[in-house]
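Peer 1: Sequence and computational prediction follow.
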Amino acid sequence: MESVTESVLTFRDATEADVDGLVALVESAYRGDSSRAGWTTEADLLQGQRTDPEGVREVVGSPDSRLLTVEREGRIVACCQLEHRGDHAYFGMFAVSPGLQGAGLGKAVLAHAERQARETWGVREMHMTVITVREDLIAWYERRGYRRTGRTTPFPYGDERFGIPLRADLRFELLVKELS
C-alpha cells in the first residue's frame, strides 16, 4: 500500500455540508463489519452508534471547537475534533477510513492536529480519553508521545448516543502529551 503521507492531503475545518459524510466516516472506522477492515474497530466492545448528525453538528458549530476534515483526491478520509479547554486542547472524534489505516495517515493527522492546537490556541498540552481495554490503541498513542495518567472516568452506560456496551468493564483513561 502506498503511504498516504506521500499523497496530497487537504486539511480544512468541517462545514454543515460535511456532517453526513463525517458521521459515515466515524461509524465506518469504529462500528460494524466495515470497521473490521481497519484496526481501530470497537465492534467487539460496543454496538450501536459512535456518533450522530446532531453530535457532529454541535462540534462544527461550537466556537471553542474545530472539526478538522482531511481529504484525499476530493474524498473525506479522516477527521478529528480539537477543542480549546483553557491551558490545553482536547483531541477527539478521531477517525481514519478503515481501508487507509496502517499507512501513516493517522500519524499525519495527529501531528497536524497537535501543530494546529499549539499555533491556534497557544496550548502546551493535548488531552484525550481512550477506552482502557484498547491496549493496542493506547500503545499507538504512547509511541507518539502520549502518557497514561491513570485518571479514569466511567463509560456512559445507558446513553445509547455513545453506543451499546458489550461488556461491563469499560472506562476512559486520560492520556496527555506535552506540546513543546
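Peer 2: Everything's here; your move.
Peer 1: which helices and strands does the helix or strand in which His84 is found pack with?
Peer 2: Per DSSP states H and E: His84 is located in strand 75-85. Where contact means 3 or more Cβ pairs under 8 Å, 6 or more residues apart in numbering; DSSP states H and E, strand 75-85 is packed against helix 19-30, strand 65-72, strand 88-96, helix 105-121. C-beta coordinates here come from the backbone N, C-alpha and C atoms, glycine included.
Peer 1: Lowest average confidence across helices and strands of this protein, where is it?
Peer 2: Every helix and strand of the chain was ranked by mean pLDDT, DSSP states H and E. The lowest is helix 32-35, at a mean of 72.
Peer 1: can you give me how far that one is from the chain middle?
Peer 2: In terms of Cα atoms, centre = their mean, to the nearest Å, the gap separating the centre of helix 32-35 from the centre of its chain is 17 Å.
Peer 1: Show me what it is packed up against.
Peer 2: Applying 3+ Cβ pairs under 8 Å, 6+ apart, we find helix 32-35 packed against helix 19-30.
Peer 1: The helix it packs on - what's its average pLDDT?
Peer 2: For helix 19-30, mean pLDDT rounds to 90.
Peer 1: Kindly report the same for stretch 76-96.
Peer 2: 96.
Peer 1: Enumerate every residue touching Arg134.
Peer 2: By Cβ atoms under 8 Å, 6 or more residues apart in numbering, the contact set of Arg134 is 42, 45.
Peer 1: Repeat the analysis, applying 10 Å as the threshold.
Peer 2: Applying Cβ atoms under 10 Å, 6 or more residues apart in numbering to Arg134 gives the contacts 40, 42, 45, 140-141, 170, 172-173.
Peer 1: Please apply the same query to Phe172.
Peer 2: Applying Cβ under 10 Å, 6+ apart, the residues near Phe172 are 128-132, 134, 151-156.
Peer 1: again, but for Ser180
Peer 2: Ser180 is in contact with 118, 124, 145, counting by Cβ under 10 Å, 6+ apart.
Peer 1: Show residues contacting stretch 58-67.
Peer 2: Residues contacting stretch 58-67 (Cβ under 10 Å, 6+ apart): 12-19, 22, 51-52, 56-57, 69, 79-86, 89-90, 92-93, 113, 116-117, 120-121.
Peer 1: Please, a PyMOL command that selects the buried ones among those?
Peer 2: For the buried members of the contacts of stretch 58-67, the matching PyMOL selection, counting by 16 or more other Cβ atoms under 10 Å, is:
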select buried, resi 14+18+19+22+51+56+57+69+79+80+81+82+83+84+89+90+93+113+116+117+121
